[in-house]
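>>> Structure here, sequence nowhere to be found:
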C-alpha cells in the first residue's frame, strides 16, 4: 500500500507540476505578447522612390540609403596607410564620379551629400549640365578652417557661398558642431542653424560625439534632421574602451588614430531615441571596417531613419540590394520612423 500511495502521490505532484509549468508558460507568453504589443517593431513607411524605400527631410523626399562623398574628396580614413588618400583621388576622376552618380540614380538613389569644396562642387555643376542629372545635393556648411577656430562670422560667410551653389538641403558638418559644443558655444551653434533656416531648405546638424546631440536637445535647438555617426565596435581596429576620448574625431591630437567615429554606440542609440525628427546615420561601416549588411542592419535596427554611405562605383548596385533586403527583413526596431 505504501508503495502504491507513494506512486499515486508522485503522479499527482507531477501533474500539478506540469499544470503549474503550463500556466507559468502561458502567463509568460501573455506578458511577452503584451510587451510586444506595447513596443511593436516600428513599421517601415510605404513611401518609395523608383521602388527604393524613401522618407522626408522637410519637404524633400530622400531614399533611405544615399551617397556620401568622402571618396570624391579623398578622405579615406585609412588609419596608418598613408598612400590611400592619394590612391582614392587618383581613382575618383571627374568622369568616374559623374558615372557613379548616374549609376546611383539608375539604381534608385536620389541624393548625394558632400562638402562644399572645389572638387564636388565642380563635378556637381558638370553633372547637372552635361548629364542632366537630377540627383539631390545635401551640402555641408563647412568653412575651410580647423574646426576649433570656426566661429559664427565664418559660418555666415560660408553659408552665402554654399547657397549660391543651389543645394537642396544644408547641414553643419559633424566635427564643426562637435567643436562648438566642446567649447561651450551651443548658443552660437543655434544662431548659425537659425540663419540656415532662413533659406527655406531642410537644415540639419552633424555630430561624431554623442554629447553634441545631447547638448543640442537640452538647449532646445531644432534642426530639421541630425547626422550622427553610428556603428558597432566589434572590429579589430576599434579603439579599446579605456582609451576612447570624447570629441576626438578630426581633432589634432596624438590620440586620434582616425579609426573610430562612435565611441559609445549604445549611448547614441539611447540619446537618438529621444530625437523626434529624422536621424541620418553615417560611418555605419566604420570607414570600411564593417561589412555593409552588418552595418546597415545595425543602423536601421538601432533607430536610424536614413543611412549616408560612401560607395565606389563597383559597390553601388550591391549596396542598394543589401539595403533593400535589410529594410524588408527589419524586426525589433524600437524607435519609430521619424521620416
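Perfect, I can see it now. Small disclaimer: the values here were computed from a predicted structure and weren't measured.

>>> okay, CA-based contacts and neighbour counts for the rest of this
Noted.

>>> and residue 325, helix, strand or coil?
helix (DSSP: H, G, I helix; E, B strand; the rest coil).

>>> Now do the contacts for it.
Residue 325 makes contact with no residue, according to CA atoms under 8 Å, 6 or more residues apart in numbering.

>>> could you pull out the strands for the stretch 51-200 of the chain?
Per DSSP state E, counting those that start in this stretch, the stretch 51-200 of the chain carries strands over the ranges 52-57, 60-63, 65-68, 111-114, 136-141, 169-172.

>>> Work out the gap between the last one and the centre of the chain.
Between the centre of strand 169-172 and the centre of its host chain there is 15 Å, according to CA atoms, centre = their mean, to the nearest Å.

>>> Ok, the third one next?
Between the centre of strand 65-68 and the centre of its chain there are 10 Å (CA atoms, centre = their mean).

>>> Give me the residues contacting that strand.
If you take CA under 8 Å, 6+ apart as the criterion, strand 65-68 is touched by 104, 109-114, 306-311, 320, 323.

>>> Just name the most buried of the strands of the stretch 51-200 of the chain.
Of all the strands of the stretch 51-200 of the chain, strand 169-172 has the most neighbours on average by mean count of other CA atoms under 10 Å, namely a mean of 26.

>>> which strands and helices sit next to it?
Strand 169-172 sits against strand 136-141, strand 203-207, with contacts defined as 3 or more CA pairs under 8 Å, 6 or more residues apart in numbering; DSSP states H and E.

>>> Format these as JSON lines; extra columns: distance to residue 290 and mean pLDDT.
Rendered in JSON lines, the data for the helices and strands packed on strand 169-172 read as follows (distance: least, CA to CA, whole Å; pLDDT from 0 to 100):
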{"stretch": "strand 136-141", "distance to residue 290": "25", "mean pLDDT": "98"}
{"stretch": "strand 203-207", "distance to residue 290": "20", "mean pLDDT": "98"}
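
>>> roughly how far apart are residue 102 and residue 146?
From residue 102 across to residue 146, the span is 33 Å (CA to CA, to the nearest Å).

>>> Sorry, wrong one. I was asking about residue 245.
19 Å.

>>> what's the answer for residue 272, then?
Relative to residue 146, and taking CA to CA, residue 272 is found at 27 Å.

>>> Which of the two has more residues huddled nearby?
A side-by-side neighbour count of residue 272 and residue 146, using other CA atoms under 10 Å, places residue 272 first with 22 against 14.

>>> In contact with the more buried one: list those residues for me.
Residues near residue 272 by CA under 8 Å, 6+ apart: 213, 279, 303.

>>> How about residue 246?
So residue 246 contacts 209, 263 (CA under 8 Å, 6+ apart).

>>> which secondary structure element contains it?
If you go by DSSP states H and E, residue 246 is not part of any helix or strand.

>>> residue ranges of the strands in the stretch 201-339 of the chain, please?
203-207, 225-229, 279-282, 306-310.

>>> Quick one: distance of the last one to the chain centre.
In other words, strand 306-310. For strand 306-310, the distance to the chain centre is 6 Å (CA atoms, centre = their mean).

>>> Now do the closest residue to residue 244 other than its chain neighbours, the pLDDT please.
With sequence-adjacent residues excluded and distances taken as CA to CA, 6 or more residues apart in numbering, residue 244 is closest to residue 263, at 6.5 Å. pLDDT, residue 263: 96.

>>> do residue 35 as well
38.

>>> still on that earlier bit, any idea which of the strands of the stretch 51-200 of the chain gets closest to residue 43?
Comparison of those against residue 43 by CA to CA identifies strand 52-57 as nearest, at 12.1 Å.

>>> what bridges to the residue nearest the centre of the chain?
The residue lying closest to the centre of the chain (CA atoms, centre = their mean) is residue 281, at 0.4 Å. Going by DSSP bridges, residue 281 is paired in beta bridges with residue 228, residue 307.

>>> remind me which residues of the chain are low pLDDT?
1-41 (pLDDT under 70).

>>> Go again with 90.
For the chain, the stretches with pLDDT under 90 are 1-42, 70-82, 84-85, 249-259, 331-332.
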